[in-house]
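Colleague: Quick one, fold the following:
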Amino acid sequence: MKVLIVDNEKHVIDAIRMIINWSSYGITEVYDACDGKEATEIVKEKQPDIVLTDMMMPNMHGKQLVTWISQHTRVTQVIVISGYSDFNYVQHAIRHGGVDYITKPIDVKQLEKAMGLAVKKVMKEKEQTQLILNHYKKEHVYWDKLFLNMLHVLHPIKTEVDDIKKQFDIPDTAPVFVLTARIDGASFTVKKQFAGHMQTLYFALTNICREWIVIEHLHAYAFYDNTDRCSVKVIFWESDNRMLHFIQKYCKTVKRLYKSQLFCGLSQEHDFKKRIYRANCESEHALEQRNLNDNQTYLTTYKRQFTSERNYFQSIKMDLAIAFSLGQSKKVAKYVSAIFDDICQEDYFSVGMLMALIDEYKILRVYLLETLLKDSNSLVLDERVTSLKHIENHPLEDVKAFMIEDLVTLCKYLHDYNNLKKDLVYIIVNYMNEHYTETISLQDIARKFYLSKEHLSRNFRKKIGVTVTEYITNLRMNKAKELLQIQHLKIKEIANQVGYEDEKYFSKVFRHKFSVTPKNFRKKL
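Modeller: Here you go, the predicted structure:
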């Protein structure tokens, strides 16, 4: 379990860290933030189970943070610890699901009681989620597996097909349609309720679908499929009209419950026994044919399309290269914006076309790196670009914003790169001097400065005389020696403050460096 402490007063954070026996609550990770803005970033990245927060803070105060947590997380419990007993603050915390409101100076017993209650709520929520998953798996696991095999195996096992036909009374001559359904994963409600738990979401969507099948007495079977990406699959052996009526009701129900659009791809009619694999492929392709400029259409039926390729970035390739070489980042943003303005004016722009655009973008990025850098082998592609997946769940505005931010950042970097190349190692040294208390590695630093690990290691040692790891360790150990002179600080706290989560490992490194343990070093002071 994880906890986040938010307070702009360092001594308050230190006090809370010391007075709570975290392990007794099953808490293994404790983070801290100095204001609400920093706290939101930690919540997004670490997904803490419990947040202990002050009310009066700079940048984003406690009321805003409590509201944000209630809107963006599903199970995170909040305990307010404030120097103000204002009724409006108390009311706001309770209204947004706060576990308790504790006034400073902190009553240890009250805080421990609040922690116990928060932990119970977290555990209950996790148990309920697990019960849903277990029930789903137990009830339908066998038939789900058989239907899944039929969709993804070109020649399914005859006995399995016969078992399905017998169990569900499917005629030999039955036509079959396959539906693939995916929800708009970028919607606010879905992110709030199911952040990090998409499997649970799709189990819920599958159960809704099954309920409608029963209500409508439909000849169909629905199940969850995560073979390639999360989706609900529905196999119909039913007439067109009843099937389309069902799909409409299903999508409306999902929109009402989750305030999110369900997008469906439907195959053409096929033979149940011989062509169900083909039908599944068509339903997937139908989703790729979905028009991104039309978010009101929930169903796309597969049609054979022969669209000519259009290279959007080709027309601005040279303009971008010139803008990059001159460091004109505003022009870079303008060129990319123009491309998306053109796309939004088109009547039809599908998911498949967006995927092609992303591929073209990756090629463009490599071209810019290789063209503008003499030693391009030293740079690596940003993982954000190489790891883009399931882009159909992102609105076009998000993709546009991503590309502009990425290219503008790269433009600014490349413009100065050749001039800074001789001094780059010293810039990295300054960066490490400022960030050595964080969990940073050679790979993190290389990625930050668009360098390969090998290039960074070689040049750093050549100019500084030690490796990157040795330099960071020296910074941390020297700072640890200073902190050990502050008698009230525990060894574990000092370890955390210089970038080590594991106290034992910190002591081991310290002893290796100074031939004495931190404890004995302090005794000699």
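Colleague: Residue ranges in the chain under the pLDDT threshold?
Modeller: By pLDDT under 70, the weakly predicted segments of the chain are 74, 129, 132-139, 185-193, 195-196, 304-310, 373-394, 416-423.
Colleague: longest helix in it, by residue count?
Modeller: Using DSSP state H, we find that the single longest helix of the chain is helix 108-152.
Colleague: Name the next helix or strand following that helix along the chain.
Modeller: helix 158-168 (DSSP states H and E).
Colleague: Now do the helix or strand following that next one against helix 108-152, angle only.
Modeller: Using DSSP H and E, the helix or strand that follows helix 158-168 in sequence is strand 175-183. Between strand 175-183 and helix 108-152, the angle formed by their directions is 150 degrees, by axes from the mean of the first three to the mean of the last three C-alpha atoms, to 10 degrees.
Colleague: Strand 175-183: partners in the sheet, and parallel or antiparallel?
Modeller: strand 231-236 (antiparallel), strand 262-266 (antiparallel), strand 270-271 (antiparallel) (DSSP bridges).
Colleague: any chance of these in CSV, with mean neighbour count too?
Modeller: The C-beta positions use only the backbone N, C-alpha and C, and glycine is treated the same way. Shown next, in CSV, are these (neighbours: other C-beta atoms under 10 Å):
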stretch, mean neighbour count
strand 231-236, 26
strand 262-266, 24
strand 270-271, 16
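Colleague: Any chance of CSV for the ones you listed, columns distance to residue 371?
Modeller: Below are the strands paired with strand 175-183 laid out as CSV (distance: least, C-beta to C-beta, whole Å):
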stretch, distance to residue 371
strand 231-236, 40
strand 262-266, 38
strand 270-271, 49
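Colleague: Kindly state which of these is positioned closest to residue 479.
Modeller: Among the strands paired with strand 175-183, the nearest to residue 479 by C-beta to C-beta is strand 231-236 (50.4 Å).
Colleague: Give me the distance from the closest one to the chain's centre.
Modeller: 26 Å (C-alpha atoms, centre = their mean, to the nearest Å).
Colleague: Buried residues, the helix or strand following it. List them.
Modeller: Using DSSP H and E, the next helix or strand after strand 231-236 towards the C-terminus is helix 240-258. Going by neighbour count (16 or more other C-beta atoms under 10 Å), the buried part of helix 240-258 is 243-244, 246-247, 250-251, 253-255, 258.
Colleague: go on, stretch 113-131?
Modeller: Buried residues in stretch 113-131, counted by 16+ other C-beta under 10 Å: 114-115, 118-119, 121-122, 129.
Colleague: for stretch 153-167, same thing?
Modeller: 156, 161, 164-165.
Colleague: again with stretch 15-30
Modeller: For stretch 15-30, by 16+ other C-beta under 10 Å, it's 15-17, 20, 25, 27, 30.
Colleague: Export that stretch to PDB, keeping only CA atoms.
Modeller: Taking Å, rounded to 0.1, in the frame of the first residue of the first chain, the C-alpha atoms of stretch 15-30 are listed here in PDB:
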ATOM      1  CA  ALA A  15       6.900  14.600  11.900                       C
ATOM      2  CA  ILE A  16       4.100  12.600  10.200                       C
ATOM      3  CA  ARG A  17       6.700  10.200   8.800                       C
ATOM      4  CA  MET A  18       8.100   9.600  12.300                       C
ATOM      5  CA  ILE A  19       4.900   9.200  14.400                       C
ATOM      6  CA  ILE A  20       3.200   6.600  12.200                       C
ATOM      7  CA  ASN A  21       4.200   3.000  12.200                       C
ATOM      8  CA  TRP A  22       3.700   2.500   8.500                       C
ATOM      9  CA  SER A  23       4.400  -1.200   8.400                       C
ATOM     10  CA  SER A  24       1.600  -2.000  10.900                       C
ATOM     11  CA  TYR A  25      -0.900  -0.700   8.300                       C
ATOM     12  CA  GLY A  26       0.700  -2.700   5.500                       C
ATOM     13  CA  ILE A  27       2.200   0.500   3.900                       C
ATOM     14  CA  THR A  28       5.400   0.000   2.100                       C
ATOM     15  CA  GLU A  29       5.900   3.300   0.200                       C
ATOM     16  CA  VAL A  30       5.600   6.800   1.600                       C
END
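Colleague: outside of it, which residues touch it?
Modeller: Applying C-beta atoms under 8 Å, 6 or more residues apart in numbering, the contact partners of stretch 15-30 are 1-5, 7, 32, 46, 48, 50, 52, 81, 106, 108, 111-112, 115-116, 119, 490, 493, 501.
Colleague: Show the buried residues in those residues.
Modeller: Counted by 16+ other C-beta under 10 Å, those give 1-5, 7, 32, 48, 50, 52, 81, 111, 115, 119, 493 as buried.
Colleague: tell me the contacts of residue 511?
Modeller: 517-518.
Colleague: how close does it get to residue 504?
Modeller: Using C-beta to C-beta, to the nearest Å, residue 511 is found at 11 Å from residue 504.
Colleague: ok, the buried residues of stretch 153-167 vs residue 299, which is closest?
Modeller: Each of these was checked against residue 299 using C-beta to C-beta; the closest is residue 164, at 25.3 Å.
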